[in-house]
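In: A predicted structure for the sequence below; I have some questions about it.
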Amino acid sequence: MAKSIMIQGTMSNAGKSLITAGLLRIFRQDGYAAAPFKSQNMALNSYITKDGLEMGRAQAVQAEAAGLEPSVYMNPILLKPTNDIGSQVIVNGIAKGNMPAREYFKYKKELIPDILNAYKHLEQISDIIVIEGAGSPAEINLKQDDIVNMGLAKMVNAPVLLAGDIDRGGVFAQLYGTVALLDNDERKYIKGLIINKFRGDKSILDPGIVMIEDKCNIPVVGVVPYANIDIEDEDSLSSRLTNRKSAADIDLAVICVKRISNFTDFNRFESIEGVSLRYVHSVDELGEPDLIFLPGSKNTIDDLRELRQNGLETAILKAHAKGVVIFGVCGGYQMLGEEISDPDNTEGGGSIRGMGLLPMKTVFEKVKTRTRIEGSVLYNEGIFKSLGGTYIQGYEIHMGSSTIYSTGKPFTNIKSIDGSFDKDEGCCYGNVYGTYIHGIFDHEQVVSGIVKALAERKGLDFSDLHVKDYVSYKNEQYDKLADILRESIDMKKVYEIINQ
């Protein structure tokens, strides 16, 4: 039977996901079969498994760190917020529909058998399961029906490491307050404290560590430094979305819609010298980019309506008129068409005029498309014509079906991994492009082709551009994270906690 260790945090974005990924990498390096588990994840970054099931992308990243193929057993419940009070509920990889928060809170205890079944499956194939909590275990208004923090720790008898974020300030209050708000039968599960994202001289922190250990009667097992690790983020709390960057020689702007999803699609461009990737929230921030990305959205119609109200749609249309390249992915692709309609009330019903930059229309459907694909970019006449024939793979995950008019051209030809279809996909018209394929920019040929074409257009020499193999690059980052955790966390103590 597998042993376990659980990472909980004093708040959202305390660093639970990265610590989990780093520990999984360490256990793999040490010869153990280790697997990630998060019973319930709320995020708009998701992933499609080889068998066509949807899970949180953070757990897919953690599986990658552990050297495993992602499985929906690692994240049996995924909540994708559709508005401020409700989410699409995905259980065992399949969407069950949208639920208001109050309705879901009444329903979620019925999902405990699904959680335990997934966990038991991982127990059979793992030596160690690294469990990630969600938010904070000290949300006293939610504790009674908890299935992701202390409620889960009790269910599977998992020892807990509690991480606090010192970068935001008040880490000792975070740790002490969280422990103090737990019931006695919950507090006993916390076996160690972690101070995360520390900058500076640790010796200055040492007196506080002695005091917090005395007050909580729990050892501090690590002080993890703030590290520049390029590993995909879990959700829209990501600092990537708020960092203000200046434009580089090749300037790429991502329109940060309210319900942005799978923004990790664009991470690949961030590591290229001479290229800036900026997330734009307002007209004032747009500037004069070389390319504008419209990302995925969990509520395409509402987000398009908001772009219309805040002036960004007008700014995008003006940029297009000046020759700026526009590229939409998934929901962003849908926005670029002539019309979006929702006859089955999938995202609230009704219809809306699109931006009119691509000759196509989209109709939302009740059944979500979920499939892994491979294929190639088709030849076209736009700025990215050199991409024709380039191999791609990735996944589709969307609620709509788009129809191209005769004046448009498909962007890719794809087939499903399971062989169930072979089709043309996406649309291009002039220098406007759209696709449903998430992961299309994970391929160095696609990324380098886009950057070189934009550079050539500006008269810049990017002929010596080198884009690293993405798999190798990610493995370097996982190893770097593992090295940092080995140096900053008492792994001997962690193994003792796991084996107790």
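Out: Received it, and whenever you're ready, just let me know what you need.

In: use CA for all of it now, contacts and neighbours both
Out: Fine.

In: give me the contacts around stretch 178-196.
Out: 10, 14-15, 136-138, 140, 150, 153-154, 158-167, 171, 175, 216, 218-226, 497 (CA atoms under 8 Å, 6 or more residues apart in numbering).

In: what subset of those is buried?
Out: 10, 14-15, 136-138, 150, 153, 158-166, 171, 175, 216, 218-225, 497 (16 or more other CA atoms under 10 Å).

In: Three-state assignment for residue 265, please.
Out: helix (DSSP: H, G, I helix; E, B strand; the rest coil).

In: ok, it - contacts?
Out: 438, 439, 440, 441, 442.

In: turn those into JSON lines, columns for pLDDT.
Out: Shown next, in JSON lines, are the contacts of residue 265 (pLDDT from 0 to 100):
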{"residue": "438", "pLDDT": "96"}
{"residue": "439", "pLDDT": "94"}
{"residue": "440", "pLDDT": "96"}
{"residue": "441", "pLDDT": "95"}
{"residue": "442", "pLDDT": "92"}
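
In: quick check: mean pLDDT across stretch 157-172?
Out: Stretch 157-172 carries an average pLDDT of 96.

In: that older thread, most surrounded residue in the contacts of residue 265?
Out: Using other CA atoms under 10 Å as the neighbour criterion, residue 438 leads these with 26 neighbours.

In: distance of it relative to residue 373?
Out: 10 Å (CA to CA, to the nearest Å).

In: in the chain, which helix is the longest?
Out: For the chain, the helix with the greatest residue count under DSSP state H is helix 470-488.

In: list the buried residues for stretch 197-217?
Out: 197, 198, 209, 212, 216.

In: now do the contacts for the first one.
Out: When the contact criterion is CA under 8 Å, 6+ apart, the partners of residue 197 are 15, 165, 166, 167, 223, 224, 225, 226, 227.

In: per-residue pLDDT of the first one, please?
Out: Note on residue 15: pLDDT of 93.

In: domains in the protein, by residue range?
Out: 3-231+475-499, 250-459 (automatic domain parsing).

In: between those domains, which gets nearest to residue 469?
Out: Residue 469 lies closest, by CA to CA, to one member of the domains of the chain: domain 250-459, at 6.4 Å.

In: quick one: mark the members of the buried ones among the contacts of stretch 178-196 that sit in helices.
Out: Applying DSSP H to the buried ones among the contacts of stretch 178-196, the entries found in helices are 150, 153, 171, 175, 216, 497.

In: so what's the fourth one up against?
Out: Contacts here follow CA under 8 Å, 6+ apart; on that basis residue 175 touches 10, 162, 163, 164, 193.

In: also the third one?
Out: When contacts are counted by CA under 8 Å, 6+ apart, residue 171 is found next to 164, 165, 195.

In: same check on the fifth one?
Out: For residue 216, the contact set (CA under 8 Å, 6+ apart) comprises 176, 179.

In: how close does residue 427 sit to residue 212?
Out: On the measure of CA to CA, residue 427 and residue 212 end up 58 Å apart.

In: just residue 179 next, same as before
Out: Counting by CA to CA, the gap from residue 179 to residue 212 is 11 Å.

In: check residue 26 too.
Out: 27 Å.

In: what helices or strands is the longest helix of the chain leaning on?
Out: Counting contacts by 3 or more CA pairs under 8 Å, 6 or more residues apart in numbering; DSSP states H and E, helix 470-488 is packed against helix 16-29, strand 220-225.

In: quick one: the ones you listed as JSON lines, columns for distance to residue 351 too.
Out: Putting these into JSON lines (distance: least, CA to CA, whole Å) gives the following:
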{"stretch": "helix 16-29", "distance to residue 351": "38"}
{"stretch": "strand 220-225", "distance to residue 351": "49"}
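
In: single out the most deeply packed of those.
Out: helix 16-29 (a mean of 24; mean count of other CA atoms under 10 Å).

In: what's the angle from that one to helix 470-488?
Out: 90 degrees (axes from the mean of the first three to the mean of the last three CA atoms, to 10 degrees).

In: what's helix 16-29 in contact with?
Out: 7-9, 33-36, 58, 61-63, 65-67, 128, 130-133, 163, 231, 234, 478-479, 481-482, 485-486.

In: after whichever strand in the chain runs longest, next one along is what?
Out: Across the chain, the strand with the greatest residue count (assigned by DSSP state E) is strand 360-377. Where DSSP states H and E defines the elements, the next helix or strand beyond strand 360-377 is strand 391-404.

In: partner strands of whichever helix or strand comes after that following strand, with direction?
Out: Sequence-wise, the next helix or strand downstream of strand 391-404 (DSSP H and E) is strand 412-416. Here strand 412-416 has these sheet partners by DSSP bridges: strand 360-377 (antiparallel), strand 422-425 (antiparallel).

In: just to revisit the earlier point, and the contacts of residue 171 as a markdown table, adding distance to residue 353?
Out: Conversion of the contacts of residue 171 to a markdown table gives the following (distance: CA to CA, whole Å):
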| residue | distance to residue 353 |
| --- | --- |
| 164 | 46 |
| 165 | 44 |
| 195 | 50 |
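
In: closest one of those to residue 76?
Out: Once CA to CA is applied, the member of these that ends up nearest residue 76 is residue 164, at 25.9 Å.

In: the closest one pairs with what?
Out: The partner residues for residue 164, given DSSP bridges, come to residue 195.

In: need the contact list for it.
Out: Here residue 164 is in contact with 9, 10, 11, 14, 171, 174, 175, 193, 194, 195, 196 (CA under 8 Å, 6+ apart).

In: just to revisit the earlier point, nearest to residue 468, out of the domains of the chain?
Out: The closest of those to residue 468 is domain 250-459. By CA to CA, the value is 6.9 Å.

In: one step back: now do the longest strand of the chain against strand 391-404, angle only.
Out: 160 degrees.

In: give me the mean pLDDT for strand 360-377.
Out: Here the average pLDDT along strand 360-377 is 93.

In: show me where the stretch 201-350 of the chain has helices.
Out: 202-216, 283-286, 300-310, 312-321, 331-335 (DSSP state H, counting those that start in this stretch).

In: with adjacent residues omitted, what lies nearest to residue 422?
Out: Leaving aside its sequence neighbours, residue 422 sits nearest to residue 415 (CA to CA, 6 or more residues apart in numbering; 4.1 Å).

In: how many neighbours does that neighbour have?
Out: Residues near residue 415, counting by other CA under 10 Å, number 19.

In: residues contacting it?
Out: 373, 374, 375, 421, 422, 423.

In: isn't residue 36 right next to residue 59, touching?
Out: Yes. Under the criterion of CA atoms under 8 Å, residue 36 makes contact with residue 59 at 6.4 Å.

In: between these two, what contacts are shared?
Out: By CA under 8 Å, 6+ apart, residue 36 and residue 59 have these common neighbours: residue 74.

In: who has more neighbours, these two?
Out: The residue with more neighbours, out of residue 36 and residue 59, is residue 36; 34 against 28, by other CA under 10 Å.

In: ok, that one to residue 11 distance?
Out: Noted for residue 36: a distance of 20 Å to residue 11, by CA to CA.

In: now residue 482
Out: According to CA to CA, residue 482 stands 23 Å off from residue 11.

In: find the nearest non-adjacent residue to residue 426, please.
Out: Per CA to CA, 6+ apart, closest to residue 426 is residue 435, 4.2 Å.
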